[in-house]
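A.B. asks: what follows is a predicted structure for the sequence shown.
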Amino acid sequence: MDIARTPATPDGNPEMADAAVEPHAPALIRRKDYAPYPWTVVATHLDFDLGLDKTRVEAKLTLERNPAAEPSPTIRLNGEGLAPLEVRCDGEPSNSHTMDGDDLIVTLPGDAHELTIVTELDPAGNSQLMGLFASNGMLCTQCEAEGFRRITFFPDRPDVLSVYTVRMRAPKAQFPVLLANGNCTAEGEEGEHHWAEWHDPWPKPSYLFALVAGDLVARSDSFTTMGGREVALNIFVRDGDLDRTEHAMESLKRAMAWDEQIFGREYDLDIYNIVAVSDFNMGAMENKGLNVFNTKYVLADIDTATDGDFDAVEGVIAHEYFHNWSGNRVTCRDWFQLSLKEGFTVLRDQLFSQDMGSAPVKRIGDVRVLRSVQFPEDSGPLAHPIRPDSYQEISNFYTSTIYNKGAEVIRMMRTMAGEEAFRKGSDLYFERHDGEAATCEDFVKAIEDGAGLDLGQFRLWYSQAGTPKVTVKLSHEGETATLTLSQEVPPTPGQPDKQPMPIPLKIALFDRTSGTHRGEQLVVLNGASETLTFEGFEAPPVLSVNRGFSAPVRIERDIPRDDLTFLAAKDDDPFARYEAMQDLVVGHLGDVIGGGLDTEDRDVGREAIRTALAAVLADGRIDDQMRGELMMLPSETYLMEQALVADPGAIHAERETLKAWLGQELGEELVGLHQRASEGPGTLDAAAQGARKIKTLALTYLAAADQQRASDMAAAQYDGATTMTDRQGALMVLAGLETAERTAKLLDFYNRYRGNDLVIDKWFALQASSLHPQALAHVKALREHEDFTLRNPNRARSLYMAFAGNPQAFYAASGEGYRLIADLILELDPINSQTAARFVPALGRWRRIEPGRAALMRGELERIAGASQLSRDTFEQVSRSLG
Ligand code: B3K
Ligand code: ZN
């Protein structure tokens, strides 16, 4: 498992390995080429003279040789698009520096030096939003993964930790607030300018550096840690947004308390600042003591944010806070270890959210995300292990595999160890590696030692890509039930042959008469195939398997429909019950789409679903949040993923037909449910949220069955709405209909919320993801809308990501949908390559789509590949997708 530590270059800089192997392809960076950096940066002093169009940066690096690395006569400092205006070594102008591509190389003869470098930046011209950029008149930074090199020349790699002191000087009226990591140690005024100095006592890698300057207001609060430290909490936003920050602040305090209680982690500075910005490539960033957030994950009130938005704010606030330990105190040795911090932190935020609300509903939601985003990634051309072996552009590896599958892998360790033993392992990990840049192997070893587990073979989960398929067979003879489990890990790019991996499966065997079972068991499938026997079953039991989704695998079970119906009605594991409902529908639609079903068989299949759904609608033992989960049909993406080669047109048509039939058959029950749910209050408690969830779900079925009735009901829901959840839900349904109310309510929504960017994003997204037959034409028209811009990532995603996720429109048989996305990628790439590259995977699915559409998708990828001047981000994604 250990990684070879051979130096790739005299400087030991893996960035340089294999550069220019192919003249046009960016260098491939390999995990096995890791070597420690020859220098340590003991201290970093940064002096910023800030301006929107011109910012001067003076960086002073206190350097010492790293005794653990190969000695080097030079130092290589990464840069991107920078020119060194001045270089001084130990106070004297340097005459020994050269450029190697974008990097600065300085000869350093001694064992310790002080290097000063001056650069100049144009933040307002930085549309990539990496490094220092301007957003709505404020200045802020984004450095992960390699943005710091756009600010100054520096060893921009996560294993070089340094203590930072930052001085900022700026026009006072324009930038009244000046923030950086750590604590403010001094401030003062110089005529129309003012300055502030911040010091962060915790050594950190450059990707955690942050600076913000702007005209901002703060919601302030405080938190007293378990050790008695009083921490000042501030959430900075633009004037006018303050009253939408209460939920974020409450979430932060809950997250701080939870991390102390559940993981024993305490905050370690006297101040914790969060700043919300409108132009941001991602959700948020965990910079030490100064998180920068996309406004989408900070601002929420009941009139402008949905219940889902509230949950997302809570989850992301917690995620970034939890990084203070899993990411900042213990960081990553290199970017191949990204899942070390991201997988673990996602697991921590998932467990937090489970504890804050309904645990089963949260679990089902997380599995839905995994299956709709990560499973397709794992079965496509971009599949990679949670610890990849190589990359061209690290930004392309902030994937669902690294984050969500990474979390599932650690969750499996926790399931096998048990909560208490796992905590011993995580304590040991933090204790052993505090202040270090660690590896995934360090984490596994700490869990192994702390929890007393043997994770030898389990380490394969880190190196093998692909979603394992587990085939489950249950037979019965006499009083013995025999369970045979076998696994297969599919081939993925670069990994044709796989070994079996330990797969922890929670199972229960139900007595079909009493509807009970004898207790849940955890079985771990280690080999390719294993057989287990269970005694004392006079009649064949019903098997519930992978309860709680204990392993991120595909289960193939040859289960009679009656057993699925039984589990859909009776399983006491909420996830397994949800799964049985999903499987009933997946099995039926699979049969229908596969053809060869006669009318009678089709009716039997439909009837089983109708009965199960009717039982869900009437079940008094479950709450509405759970009812909503059980009411949801499997998504088209999930259905496509079930087929070896999918026909998106047939999947869409058959799923809609089934929905319409159910809406027709259960019309009265659904109307009743909608009425009952409409009586709920417009509050944020779980019952009210559940009512809102089933209300809109009921409408989606009714809309498929009877447009006009649903349109009237949706319009009434829209008009009476006191929450964004109800209003957006109603508008979502209306957007898919061809009725007069559609136009009227879309216009009303726009006029009502004009000027509120986050809500106008919803307005774009609703139309781009609608079931309306003209959705594609609507998207084309919307890109010309005066409020549309590609310069704001939220806005670009609101239209185009929603569209790429709308199977009916994106997979239009004409190929226009693919063309639209390809045009977007080409237009966006020079503006914001990170965001542009995120659209490539939608086209990369071509191998799993029927041949007619596949050829059109591939054609668009080839068109992109043929363009000159592609960014490294887009080049890598397109070339991997073409395969
Ligand atoms: N660590 C950041 C993600 C940075 C993405 C860079 N392309 C946010 C997070 O995962 O918490
Ligand atoms: Zn993260």
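C.D. replies: That came through, no problem. Ligands and ions are numbered 1, 2, ... in the order given.
A.B. asks: ok, the residue of the stretch 501-650 of the chain at minimum distance from ligand 1 - contacts?
C.D. replies: Among all residues of the stretch 501-650 of the chain, Pro552 sits closest to ligand 1, at 19.2 Å; criterion: CB to the nearest ligand atom. Where you see a C-beta, it was placed from the backbone N, CA and C, and this is true even at glycine. Counting by CB atoms under 8 Å, 6 or more residues apart in numbering, Pro552 touches Leu370, Gln374, Lys405, Glu408, Val409, Met412, Thr467.
A.B. asks: with Leu882 instead?
C.D. replies: Per CB under 8 Å, 6+ apart, neighbours of Leu882: Pro381, Arg858, Leu861, Glu862, Ala865.
A.B. asks: where exactly do the helices run in the stretch 401-550 of the chain?
C.D. replies: 406-417, 419-433, 440-451, 460-463 (DSSP state H, counting those that start in this stretch).
A.B. asks: who are the contact partners of the residue of the chain found nearest ligand 1?
C.D. replies: When you check the chain against ligand 1 by CB to the nearest ligand atom, the closest residue turns out to be Glu144, at 4.1 Å. Glu144 makes contact with Tyr207, Leu208, Met285 under the criterion CB under 8 Å, 6+ apart.
A.B. asks: how about 7 Å then?
C.D. replies: Contacts here follow CB atoms under 7 Å, 6 or more residues apart in numbering; on that basis Glu144 touches Tyr207, Met285.
A.B. asks: how far away is it from ligand 2?
C.D. replies: For Glu144, the distance to ligand 2 equals 9 Å [CB to the ion, to the nearest Å].
A.B. asks: wait, is that residue part of a helix?
C.D. replies: No - applying DSSP: H, G, I helix; E, B strand; the rest coil, one finds Glu144 to be coil, outside a helix.
A.B. asks: re earlier: which one of the contacts of Leu882 has the most neighbours?
C.D. replies: Counting neighbours by other CB atoms under 10 Å, the top entry in these is Leu861, with 23 neighbours.
A.B. asks: about what we covered before: and the furthest pair within the contacts of Pro552?
C.D. replies: Spanning the widest gap among the contacts of Pro552 are Gln374 and Met412, at 14.5 Å by CB to CB.
A.B. asks: how about CSV for the helices of the stretch 401-550 of the chain, with mean neighbour count and distance to ligand 1 added?
C.D. replies: Shown next, in CSV, are these (neighbours: other CB atoms under 10 Å; distance: least, CB to the nearest ligand atom, whole Å):
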stretch, mean neighbour count, distance to ligand 1
helix 406-417, 23, 11
helix 419-433, 17, 18
helix 440-451, 21, 16
helix 460-463, 21, 19
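A.B. asks: quick one: which of the ones you listed is nearest Phe223?
C.D. replies: Closest approach to Phe223 among the helices of the stretch 401-550 of the chain is made by helix 419-433 (20.0 Å; CB to CB).
A.B. asks: so what does that closest one touch, helix or strand wise?
C.D. replies: Judged by 3 or more CB pairs under 7 Å, 6 or more residues apart in numbering; DSSP states H and E, the packing partners of helix 419-433 are helix 406-417, helix 440-451.
A.B. asks: which elements pack onto the last one?
C.D. replies: It refers to helix 440-451. Using 3+ CB pairs under 7 Å, 6+ apart: helix 440-451 touches helix 338-356, helix 419-433.
A.B. asks: 8 Å instead?
C.D. replies: Using 3 or more CB pairs under 8 Å, 6 or more residues apart in numbering; DSSP states H and E, the elements in contact with helix 440-451 are helix 338-356, helix 406-417, helix 419-433, helix 460-463.
A.B. asks: equivalent analysis for the first one, please.
C.D. replies: In terms of contacts (3+ CB pairs under 8 Å, 6+ apart), helix 406-417 is packed against helix 338-356, helix 419-433, helix 440-451, helix 460-463, strand 503-510, strand 521-525.
A.B. asks: switch to 7 Å and redo it
C.D. replies: Counting contacts by 3+ CB pairs under 7 Å, 6+ apart, helix 406-417 is packed against helix 338-356, helix 419-433, strand 503-510.
A.B. asks: the ones you listed into JSON lines, with extra columns for mean pLDDT?
C.D. replies: Output for these, formatted as JSON lines (pLDDT from 0 to 100):
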{"stretch": "helix 338-356", "mean pLDDT": "99"}
{"stretch": "helix 419-433", "mean pLDDT": "99"}
{"stretch": "strand 503-510", "mean pLDDT": "98"}
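A.B. asks: got the buried residues for stretch 571-578?
C.D. replies: Asp571, Asp573, Pro574, Phe575, Ala576, Arg577, Tyr578 (16 or more other CB atoms under 10 Å).
A.B. asks: which one of the contacts of Leu882 is nearest ligand 2?
C.D. replies: Closest approach between those and ligand 2, by CB to the ion: Pro381, at 25.0 Å.
A.B. asks: distance of the closest one relative to Pro807?
C.D. replies: Between Pro381 and Pro807 the computed distance is 19 Å (CB to CB, to the nearest Å).
A.B. asks: just the contacts of Leu882: which are in helices?
C.D. replies: Arg858, Leu861, Glu862, Ala865 (DSSP state H).
A.B. asks: apart from its neighbours in sequence, what residue is nearest the third one?
C.D. replies: Same thing as Glu862. The spatially closest residue to Glu862, leaving aside those adjacent along the chain, is Leu882, at 6.9 Å (CB to CB, 6 or more residues apart in numbering).
A.B. asks: ditto for the first one
C.D. replies: The shortest distance from Arg858 to any non-neighbouring residue, by CB to CB, 6+ apart, is to Trp846 (5.0 Å).
A.B. asks: also Arg709?
C.D. replies: Nearest residue to Arg709 in three dimensions, chain neighbours excluded: Leu702, at 6.3 Å (CB to CB, 6+ apart).
A.B. asks: tell me what the helix or strand hosting the one you found is packed against?
C.D. replies: Using DSSP states H and E, Leu702 sits in helix 686-705. Other elements packing on helix 686-705 under the criterion 3+ CB pairs under 7 Å, 6+ apart are helix 624-631, helix 648-665, helix 667-678, helix 707-720, helix 724-735.
A.B. asks: which one, of the ones you listed, ends up nearest to Ser814?
C.D. replies: Once those are compared by CB to CB, helix 648-665 is nearest, at 11.3 Å.
A.B. asks: got the buried residues for the closest one?
C.D. replies: Buried residues in helix 648-665, defined by neighbour count with 16+ other CB under 10 Å: 648-652, 654-655, 658-663, 665.
A.B. asks: in CSV, list these along with distance to ligand 1 and pLDDT.
C.D. replies: Listed next are the buried residues of helix 648-665 as CSV, based on distance: CB to the nearest ligand atom, whole Å; pLDDT from 0 to 100:
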residue, distance to ligand 1, pLDDT
Pro648, 30, 98
Gly649, 35, 98
Ala650, 37, 97
Ile651, 32, 98
His652, 33, 98
Glu654, 37, 98
Arg655, 33, 98
Leu658, 37, 98
Lys659, 35, 98
Ala660, 40, 98
Trp661, 42, 98
Leu662, 39, 98
Gly663, 39, 98
Glu665, 44, 98
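A.B. asks: of these, which are in range of ligand 2?
C.D. replies: Among the buried residues of helix 648-665, proximity to ligand 2 is found for none (CB under 5 Å from the ion).
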